[in-house]
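Asker: let's see this in three dimensions:
(4 chains)
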Number of protein chains: 2
Amino acid sequence: MATIHDVAEIAGVSVTTVSRVLNNRGYISDKTRKKVFETMQALNYHPNEIARSLLRKQSNLIGLIIPNVSHPFFSEFTLHLETYAYQNGFKLLLCNSLSEPDKEKDYIEMMRKNRVAGIIMGSHTLDVSEYLNLNYPIVTLDRKIADSIPYLSSDNYAGGQAATQLLIDCGCKKIANICGNLSLPQLANERTSAFRDIATSNGIEYVIMDTETNVFEYGQYETLVRKLFDEHPDVDGIFATSDVMASYVIKVARSLNRQIPNDLKVIGYDDTQFATWTAPSITSIKQPIEELSNLAFDIIYKQINEEAIEMHNVLPITLVERETTSLL
Amino acid sequence: MATIHDVAEIAGVSVTTVSRVLNNRGYISDKTRKKVFETMQALNYHPNEIARSLLRKQSNLIGLIIPNVSHPFFSEFTLHLETYAYQNGFKLLLCNSLSEPDKEKDYIEMMRKNRVAGIIMGSHTLDVSEYLNLNYPIVTLDRKIADSIPYLSSDNYAGGQAATQLLIDCGCKKIANICGNLSLPQLANERTSAFRDIATSNGIEYVIMDTETNVFEYGQYETLVRKLFDEHPDVDGIFATSDVMASYVIKVARSLNRQIPNDLKVIGYDDTQFATWTAPSITSIKQPIEELSNLAFDIIYKQINEEAIEMHNVLPITLVERETTSLL
DNA sequence: TTGTAAGCGTTATCAG
DNA sequence: CTGATAACGCTTACAA
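Answerer: Reported below is the predicted structural model:
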């Protein structure tokens, strides 16, 4: 592959001159510029970004570590992040940790070695201490690690409140919340806190069930929902903390001949596209996924440029009503 | 950030020695090795992969260009590809072209500049000529560009056959196929060819409807399905060429009070996880997504190492029967 | 307006 | 067993 030297030699100028026309810096005669452009074309020259990165001591890559891109929330987050990063001159290095601490640690290590410009952490199986000496542009998604590490989330507590309140407003008498494993240090757990608070303050009967640790074996969702219906057949409103979980509620309810929304109201979380693909469509708490991803990038970008950043970044949620909670 | 020189200086050895212990090459006394490791630890040294790449004239990145990661098929493909590539020492550079030719071209250009080891193209809005002078390790997904460019797909024709035959076996009298835009040069169009062939040879009435060019505005799926039911209310079997499309069929059918599978059989395509999340669950043609992604990587890997490769790579599909086609 | 040369952090070659 | 030095492809002082 042609180098800047090849271009310089054939165009009969110095490498500096070629570099100048490449970066449009300094004064160059139109004649020289033209000649250089022509030879670049002729040689099919593509400036080596690796060499540039070496000089800059930084690549143009943003690292994203998430549990699993095939989960609708993360796939949409990834789409928007990549789009926005690219508009700002950065490419996306994607890593799926599968929630394995070893992989996560290894990925962080790899990113340092590759001198990525910053790391967006959406997977958090590591101890707080692992993050503290990281000393790298970083932002965590949905987990508060320490005061020194900026985080980003949408308003989980408000989301839990809105969801629970909606079930109550629909006239539910006994409500349930199914959610990810509560022993994990995720901000998403606040949804459940809100659920508990609102149910309690309204004096309404409730039950909470969380998954096993590994959140992405969807088979357990079905088991969990069946167990819920089995142990609490009188539940008439369910708040699931993801749209995927909500779909399992719909699925199991259907097999038990429980009519949604007539016998049972259901509300999901995230408001991924997927919530509109099911029948009935899923009422959901909308996380502003695109805004979240863009803000994640901005927080990294500011750190790269040593600008001041907010350490706590919480975006508002909105309730999106659909068929699973429609009144008759 | 510490460099190999810092380590060498503090450990009191030469950079060559440090490089040797780093790469475990040549003979080193245990004492020296130990000292070097200690100082690396002390300085929190992370070898700069950018410098290594510059020397190797190649990065450890594999570029993936797809229309949109948030589509279930691509998100699963991406997950598996990243996992497999990482096991083999490569990282994934993810790009969403959104099916825009300009973006796609720009991404290819960017990848050359970043000296990615190879490119996996799952988005194909460009002319054949754009690919021909590419001269780069590459493989295309679901599109046959030219004899000189290796491609990969699952057996689309067989998939179309199996799907259509199933509808017929279920006793359908008039069947429909809804699919992506047929004017695009995608191998997926063979599914529709097979549908036409099987329907014809069985002397059964059929109708084919394709989407507008931009495949990822899901709103149009609903419009398309409504149009189908409107113009052909007597259709009793539908073959949708993605699980997402199939979900829209279920959705619209439900709103029209058509019972699935009683009044209407539906079969999707891809067999993404998503096909099991809906109620009723979607019968689908399974593409071996993980095998596809791994083979895509292998084809790139062999090109990098100048090994011989197959130019035509077609993997078998399988029929997965679920509720949308179950007989009474 | 253009050129020379040093340096970014590695590894490879050659020498000791 | 260890070290000096050139090279990878580029940008940037500093000169001219």
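
Asker: lowest average confidence, helix or strand, in chain A?
Answerer: Ranking every helix and strand in chain A by mean pLDDT, DSSP states H and E puts helix A:128-132 at the bottom, with a mean of 87.

Asker: quick check: what element follows that one along the chain?
Answerer: strand A:138-141 (DSSP states H and E).

Asker: show me how far that following strand is from its chain's centre.
Answerer: 10 Å (CA atoms, centre = their mean, to the nearest Å).

Asker: so what touches that strand?
Answerer: Strand A:138-141 is contacted from outside by A:66, A:77, A:118-122, A:124, A:131, A:149-153, A:292, A:296, A:299-300, A:303, A:313, using CB atoms under 8 Å, 6 or more residues apart in numbering or on different chains. In this view, the C-beta of every residue, glycine as well, is placed from N, C-alpha and C.

Asker: and for A:Leu327, the neighbour number?
Answerer: 10 (other CB atoms under 10 Å in any protein chain shown).

Asker: sorry, slip of the keys, the one I care about is A:Asn181.
Answerer: Neighbours around A:Asn181, by other CB under 10 Å: 13.

Asker: with A:Asp197 instead?
Answerer: 14.

Asker: and the contacts of strand A:138-141, which of them are buried?
Answerer: A:66, A:77, A:118-122, A:124, A:131, A:149-153, A:292, A:296, A:299-300, A:303, A:313 (16 or more other CB atoms under 10 Å in any protein chain shown).

Asker: is any residue of whatever helix or strand A:Lys34 lives in near DNA strand C?
Answerer: According to DSSP H and E, A:Lys34 maps onto helix A:30-43. Yes. For helix A:30-43, a contact with DNA strand C is found by CB under 7 Å from any atom of the strand, at A:31-33.

Asker: which residues touch the nearest residue to A:Thr283 once chain neighbours are set aside?
Answerer: Nearest-residue entry for A:Thr283: A:Thr325, 4.2 Å, with adjacent residues in sequence omitted and distances by CB to CB, 6 or more residues apart in numbering or on different chains. Counting by CB under 8 Å, 6+ apart, A:Thr325 makes contact with A:166-167, A:170, A:261, A:265-267, A:283.

Asker: could you measure from A:Thr325 over to chain B?
Answerer: 16 Å (CB to the nearest CB, to the nearest Å).

Asker: and what of A:Phe37?
Answerer: Taking CB to the nearest CB, one finds A:Phe37 at 16 Å from chain B.

Asker: just the pLDDT at the residue nearest to A:Pro72 when sequence neighbours are not counted, thanks.
Answerer: Among residues not flanking A:Pro72 along the chain, A:Thr272 sits closest, at 3.9 Å (CB to CB, 6+ apart). A:Thr272 carries a pLDDT score of 97 in this model.

Asker: same check, this time on A:Val215
Answerer: A:Val215 is given a pLDDT of 57.

Asker: sorry, back to before: show me how far the least confident helix or strand of chain A is from its chain's centre.
Answerer: Distance, centroid of helix A:128-132 to centroid of chain: 20 Å (CA atoms, centre = their mean).

Asker: what's in contact with it?
Answerer: By CB under 8 Å, 6+ apart, helix A:128-132 touches A:105, A:108, A:138, A:140, A:145-146, A:148-149.

Asker: now that helix: buried residues?
Answerer: A:Tyr131.

Asker: mind listing the helices for chain A?
Answerer: With helices called from DSSP state H, chain A shows them at A:4-11, A:15-23, A:30-43, A:49-56, A:72-87, A:101-113, A:128-132, A:156-169, A:189-201, A:219-231, A:243-255, A:289-304.

Asker: within range of chain B, give me the residues from the stretch 51-200 of chain A.
Answerer: Residues of the stretch 51-200 of chain A lying near chain B by CB under 8 Å from any CB of the partner chain: A:51, A:53-54, A:57, A:59-61, A:68-70, A:72, A:75-76, A:78-79, A:82-83, A:86, A:91-96, A:98, A:109-110, A:112-115, A:133.

Asker: I'd like to know which of those are buried.
Answerer: So, by 16+ other CB under 10 Å, the buried ones in those are A:51, A:53-54, A:59-61, A:68-70, A:72, A:75-76, A:78-79, A:82-83, A:86, A:91-96, A:98, A:110, A:112, A:114-115.

Asker: who in chain A is up against DNA strand C?
Answerer: A:12-17, A:20, A:26-29, A:31-33, A:51, A:54-55, A:57.

Asker: give me the distance from stretch A:276-293 to the chain's centre.
Answerer: With CA atoms, centre = their mean, you get 14 Å for stretch A:276-293.

Asker: list the buried residues for that stretch?
Answerer: Per 16+ other CB under 10 Å, stretch A:276-293 contains these buried residues: A:276-289, A:292-293.

Asker: let me know the average pLDDT across stretch A:177-192.
Answerer: On average, stretch A:177-192 scores 93.

Asker: whoops, stretch A:142-156 was the one
Answerer: For stretch A:142-156, the mean confidence score works out to 95.

Asker: quick one: terminal-to-terminal distance for that stretch?
Answerer: For stretch A:142-156, the separation between the terminal residues is 9 Å (CA to CA, to the nearest Å).

Asker: ok, now stretch A:114-128?
Answerer: Stretch A:114-128: ends 23 Å apart by CA to CA.

Asker: that older thread, can you put the helices of chain A in TSV and add distance to B:Ala199?
Answerer: Formatted as TSV, the helices of chain A follow (distance: least, CB to CB, whole Å):
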stretch	distance to B:Ala199
helix A:4-11	58
helix A:15-23	58
helix A:30-43	51
helix A:49-56	51
helix A:72-87	34
helix A:101-113	48
helix A:128-132	59
helix A:156-169	47
helix A:189-201	49
helix A:219-231	36
helix A:243-255	31
helix A:289-304	41
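
Asker: between those helices, which gets nearest to B:Thr200?
Answerer: Minimum separation from B:Thr200 across the helices of chain A (CB to CB) falls at helix A:243-255, 36.6 Å.

Asker: off-centre distance for the closest one?
Answerer: 23 Å.

Asker: which residues are contacting that helix?
Answerer: Outside helix A:243-255, the residues touching it (CB under 8 Å, 6+ apart) are A:71-73, A:178-179, A:218, A:221-222, A:224-226, A:229, A:238, A:240, A:259-260, A:263-264, A:266-272, A:274-275, A:278, A:280, A:282, A:284, A:324, B:277-281.

Asker: quick check: mean pLDDT of it?
Answerer: Mean predicted lDDT for helix A:243-255 stands at 95.

Asker: tell me the buried residues in that helix?
Answerer: A:243-254.

Asker: please identify which of those residues is nearest to B:Thr318.
Answerer: A:Lys251 (22.6 Å).

Asker: now the stretch 51-200 of chain A against chain B: closest residue?
Answerer: Using CB to the nearest CB, A:Ser75 is the residue of the stretch 51-200 of chain A that sits closest to chain B, at 4.0 Å.

Asker: that residue touches B:Ser75, doesn't it?
Answerer: Yes. Using CB atoms under 8 Å, A:Ser75 makes contact with B:Ser75 at a distance of 4.0 Å.

Asker: overlap in contacts, those two.
Answerer: Shared contacts of A:Ser75 and B:Ser75 (CB under 8 Å, 6+ apart): A:69, B:69.

Asker: what is the neighbour count of A:Lys34?
Answerer: That count, for A:Lys34 with other CB under 10 Å as the rule, works out to 13.

Asker: er, A:Val320 I mean
Answerer: Quick note: A:Val320 (other CB under 10 Å) scores 16 neighbours.

Asker: contacting residues around it?
Answerer: A:271, A:275, A:283-286.

Asker: mind pulling up the pLDDT for it?
Answerer: 98.

Asker: relative to A:Ser281, how far out is it?
Answerer: Note on A:Val320: its distance to A:Ser281, by CB to CB, to the nearest Å, is 10 Å.

Asker: how about the residues of the stretch 201-328 of chain A by chain B?
Answerer: A:218, A:244, A:247-248, A:250-251, A:254-255, A:273-274, A:276-281.
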